[in-house]
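1. Fold the stuff below for me.
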Amino acid sequence: RDTEALEAVSRAVKADPSDIESLSMYGKALQKAGHLDEARTWLSKAVKLDPMNARILYFLGTVQQQDVKYREALLMYERSARLDPSYLPPLIQEAIVLSRLNQCTRATSKANLLTQNYPGMQSEMESALASVFSHCDDKTLQLD
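-> Numbers count the residues shown, from 1 in each chain. Prediction:
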């Protein structure tokens, strides 16, 4: 089924290589299939076509994060969050990536701000932010 979806999106990209939505869907499908380098390539093309698209920047960040390129992921999440501060996923992922970079002071601060600023979204954030606290809980908090 994933192969069929990948082929369908690939055909859409070939039909119109400037369609940002198709490029984005193709990049996400490649990521899901584990083809991170290819996913990064296609999502980067989408970013070049629409550098102000917060969601595509976020998707590119998820590829970088999955590929354990935390600094690159953090840059994508920060850009995405600046473009659309109401889009919650990159804000959550920023906190997670900061914890993976052992920037625990910044990570826990961002996680605490998220829980304070988005009280109605706590159930959506709970498991994601729990990983920040559990990762940083075992470490001496570092000043950034």
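2. contacts, neighbours, all on C-alpha from now
-> Fine.
3. Now Thr105: which helix or strand?
-> helix 104-117 (DSSP states H and E).
4. which other helices and strands contact whichever helix or strand comes after that helix?
-> Tracing the chain C-terminally past helix 104-117 and defining elements by DSSP H and E, one meets helix 122-137 next. Contacts defined by 3 or more C-alpha pairs under 8 Å, 6 or more residues apart in numbering; DSSP states H and E place helix 122-137 against helix 88-100, helix 104-117.
5. Out of these, the one nearest Val63 is which?
-> Closest to Val63 of the helices and strands packed on helix 122-137, according to C-alpha to C-alpha: helix 88-100, at 11.8 Å.
6. Worst mean pLDDT among the helices and strands packed on helix 122-137?
-> Across the helices and strands packed on helix 122-137, helix 104-117 has the smallest mean pLDDT, namely a mean of 88.
7. Of all the residues in that helix, which ones are buried?
-> Using 16 or more other C-alpha atoms under 10 Å as the test for burial, helix 104-117 gives 104-108, 110-111, 114-115.
8. show me what contacts Tyr77?
-> Tyr77 is in contact with 57-58, 61, 90-91, 93-94, counting by C-alpha atoms under 8 Å, 6 or more residues apart in numbering.
9. ok, so of those, who is nearest Gln122?
-> Nearest member of the contacts of Tyr77 to Gln122, counting by C-alpha to C-alpha, is Leu91, at 13.2 Å.
10. For the closest one, which non-adjacent residue is closest in space?
-> Closest residue to Leu91 apart from its sequence neighbours, by C-alpha to C-alpha, 6 or more residues apart in numbering: Ala81 at 6.3 Å.
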